[in-house]
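> 3D, please:
(2 chains)
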2 protein chains.
Amino acid sequence: MQQYCVGIDVGGTSVKCGLFTVEGKLLDKWEVPTRKEENGRFILQDVADELKKRLWDSDLKPEDIKGIGIGVPGPVQPDGYVHICVNLGWKDLYPAKELQELMGGMIPCEVGNDANVAALGEMWQGGGKGHDSILMVTLGTGVGGGLIMDGKIVTGVHGAGAEIGHIHVRDGETEPCNCGGYGCLEQVASATGIAREAMRALKQSEMESSMRRFGDELTAKDVCDCAKEGDKLAGLTMEMSMRYLGLVLAHVSMVADPETFVIGGGVSKAGQFLVDLIWKYYDEYTPLLEKKANIALATLGNDAGIYGCARLVL
Amino acid sequence: MQQYCVGIDVGGTSVKCGLFTVEGKLLDKWEVPTRKEENGRFILQDVADELKKRLWDSDLKPEDIKGIGIGVPGPVQPDGYVHICVNLGWKDLYPAKELQELMGGMIPCEVGNDANVAALGEMWQGGGKGHDSILMVTLGTGVGGGLIMDGKIVTGVHGAGAEIGHIHVRDGETEPCNCGGYGCLEQVASATGIAREAMRALKQSEMESSMRRFGDELTAKDVCDCAKEGDKLAGLTMEMSMRYLGLVLAHVSMVADPETFVIGGGVSKAGQFLVDLIWKYYDEYTPLLEKKANIALATLGNDAGIYGCARLVL
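Numbers count the residues shown, from 1 in each chain, chains lettered A, B, ... in the order given. Next up is the predicted model:
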């Protein structure tokens, strides 16, 4: 009998949902708006209502569903307890237990942190497919990480597992990072960081640069595009940012030593150009290693979360 | 019925052996010289002969022994295969399988890398007792690491797990590290590294220093002692070396996030003075963490290996 699983990725604006076969085929995908009023108390109810309807329409019964996985934007304790999810208004709850009850109590539910769950998704059906020890790096507004070792998410004892965005890489930084530190990876290798570093370079240098035309609106994408087109200052900025990222991946190799790094998030749209840059420095900082980890691009985009949520229950 | 286990820590000069209760009490301890002739083919035979005699004298039978764990100074594959142990002359063998046969085939045997096994020992009965996720740091000729997560040794996919001695921490280093890199932690925080950095400082500075009396014979212990006595240049050297170590422990927290760091090896004899220095910088580089890992001193000294070997089979 074909078995199915469901992934529920709860975000601040909408809840992304997906119905999968247990083999990892995405059969149906939908979104439910995230109702944040009254501390987000309707969110799981809305999800359950829509899910019941969909399962009914597909003629699926509770016994056909192996489980439902939920990803939430905040820290999750090993027992499924969520102390707080700022973006949802949630406080003090067990989302998996609640959803399980809302669905009638018959279908097992699991919950995980959204960044970790996205890593699990990329491991299952994305850029890390075929491996069971990966680090997923998300280069967006910040730099996120999700570490999977032997198929299991590494959350860490104090919830700092794979928080690679806050690894200190540069002395002498004068602006503080969101974490309160100075010189974190996130400050140089996130989309925000790349744009900021490029602005700094433009200010400090008199060099001609096609980046100047963007003025204060310069984005990481512009910097990547200009670098690809051969702009020297953009190229130097990308070299510096990706040198720090390559250095941190080398650190990760010398601590947890995963098989593969999977690079996702908005900045990863720069593609193989980016991977080549990261690899160059990762390679330089791992002379010890005869065999090295791969660096691959994420392939699931915004669906990584629902894939990973579904994988949580397998 | 009381059960026992045996730890066999194979070193280049001698094989340290210990008989334990399964609760972790060391009952008997002995050494067997390491016969390296003919590619070390007599080592395990010698160990087995002596062990049989000891078990006979203690009136113990195979069924009383839960298992025998062996630690070897080289990389060990997950299936127990050892490709090479330079210090022993070993090549292409399965030490656990061989010892099991030599002991009559009835007692289960396991094998592990000596640095990892020492970490396991400190977790079981030493500085990391009561925790199941620790990083053991050995500050000796080099800087070694052993990472245990959820009670299991993390060897890594390419054998680089916890190779923290080769994390790059300093740009601009001109002398190469043993690994071929430049600016590894080992170059500044090992016993050798501390002495070398102090010599550099003495050369570059005109400052009065009680370290000068040691001339070219200056050791890490001398540097620690002078620093404790208030010598300024020695103090600056220790601050710098331990700043890099604190930084790397922060990296480890932001990747694997263990409960406790256990500091061992010769340099750790400097005691709480050293721990306080490391903590100061570890704390500085982890502003993200509300709760942080402990830093503790190793307590088992040279016995960590036999403890960890015995623990391998439990």
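
> Spell out the residue ranges of the helices in the stretch 1-150 of chain A.
A:37-40, A:43-57, A:95-102, A:114-125 (DSSP state H, counting those that start in this stretch).

> so what does the second one touch, helix or strand wise?
Spelled out, that is helix A:43-57. Judged by 3 or more C-beta pairs under 8 Å, 6 or more residues apart in numbering or on different chains; DSSP states H and E, the packing partners of helix A:43-57 are strand A:4-10, strand A:14-21, strand A:26-33, helix A:95-102. (Glycine included, C-beta is placed from N, CA and C.)

> Now mean pLDDT, distance to B:Lys203 and mean neighbour count too, for the ones you listed, in a markdown table please.
Listed next are those as a markdown table, based on pLDDT from 0 to 100; distance: least, C-beta to C-beta, whole Å; neighbours: other C-beta atoms under 10 Å in any protein chain shown:
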| stretch | mean pLDDT | distance to B:Lys203 | mean neighbour count |
| --- | --- | --- | --- |
| strand A:4-10 | 97 | 59 | 27 |
| strand A:14-21 | 97 | 62 | 21 |
| strand A:26-33 | 97 | 65 | 14 |
| helix A:95-102 | 98 | 61 | 20 |
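
> Is it possible to get JSON lines of the ones you listed that adds distance to chain B?
Converted to JSON lines, those look like this (distance: least, C-beta to the nearest C-beta, whole Å):
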{"stretch": "strand A:4-10", "distance to chain B": "23"}
{"stretch": "strand A:14-21", "distance to chain B": "27"}
{"stretch": "strand A:26-33", "distance to chain B": "28"}
{"stretch": "helix A:95-102", "distance to chain B": "21"}
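
> Of those, which is nearest A:Lys221?
strand A:14-21 (23.4 Å; C-beta to C-beta).

> I'd like to know which elements that closest one is packed against.
For strand A:14-21, the packing partners by 3+ C-beta pairs under 8 Å, 6+ apart come out as strand A:4-10, strand A:26-33, helix A:43-57, helix A:304-312.

> Turn those into CSV, columns for distance to B:Gln45.
Listed next are these as CSV, based on distance: least, C-beta to C-beta, whole Å:
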stretch, distance to B:Gln45
strand A:4-10, 54
strand A:26-33, 59
helix A:43-57, 65
helix A:304-312, 49
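
> Near whichever residue of the stretch 1-150 of chain A sits closest to chain B, how many other residues are there?
Taking C-beta to the nearest C-beta, chain B has its nearest neighbour within the stretch 1-150 of chain A at A:Ser133, 5.4 Å off. Residues near A:Ser133, counting by other C-beta atoms under 10 Å in any protein chain shown, number 22.

> Nearest to chain B: which residue in the stretch 51-200 of chain A?
A:Gly156 (2.4 Å).

> before we move on, back to that, spatially nearest residue to the residue of the stretch 1-150 of chain A closest to chain B (excluding sequence neighbours)?
Nearest non-adjacent residue to A:Ser133, counting by C-beta to C-beta, 6 or more residues apart in numbering or on different chains: A:Pro258, 4.4 Å away.

> quick one, what contacts that neighbour?
A:131, A:133-135, A:147-149, A:252, A:293, B:156-157 (C-beta atoms under 8 Å, 6 or more residues apart in numbering or on different chains).

> can you count the residues close to A:Lys53?
Neighbourhood size, A:Lys53 [other C-beta under 10 Å]: 11.

> per-residue pLDDT, it?
A:Lys53 carries a pLDDT value of 97.

> What of A:Asp49?
Per-residue pLDDT puts A:Asp49 at 97.

> Find the nearest non-adjacent residue to A:Trp30, please.
A:Cys17 (5.2 Å).

> Surely the one you found and A:Val10 touch.
No. If you go by C-beta atoms under 8 Å, A:Cys17 and A:Val10 don't touch, sitting 9.5 Å apart.

> Residues that sit against both of these two, list them.
A:Val47.

> that older thread, the residue of the stretch 51-200 of chain A closest to chain B belongs to a strand, doesn't it?
No. Per DSSP: H, G, I helix; E, B strand; the rest coil, A:Gly156 lies outside any strand segment and is coil.

> residues in contact with it?
A:162-163, B:253, B:256-258.

> picking up where we left off before, which of the contacts of A:Pro258 fall within strands?
Secondary structure from DSSP state E places A:134-135, A:147-149 of the contacts of A:Pro258 in strands.

> Can I get the helix or strand of chain A with the lowest mean pLDDT in PDB? Just the C-alpha atoms.
Least confident helix or strand of chain A, by mean pLDDT, DSSP states H and E, is strand A:82-85 with a mean of 89. This file holds the C-alpha atoms of strand A:82-85, laid out as PDB (Å, rounded to 0.1, in the frame of the first residue of the first chain):
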ATOM      1  CA  VAL A  82       8.600  25.800  21.600                       C
ATOM      2  CA  HIS A  83       9.300  28.500  24.100                       C
ATOM      3  CA  ILE A  84       8.800  31.400  21.600                       C
ATOM      4  CA  CYS A  85       8.400  32.100  17.900                       C
END
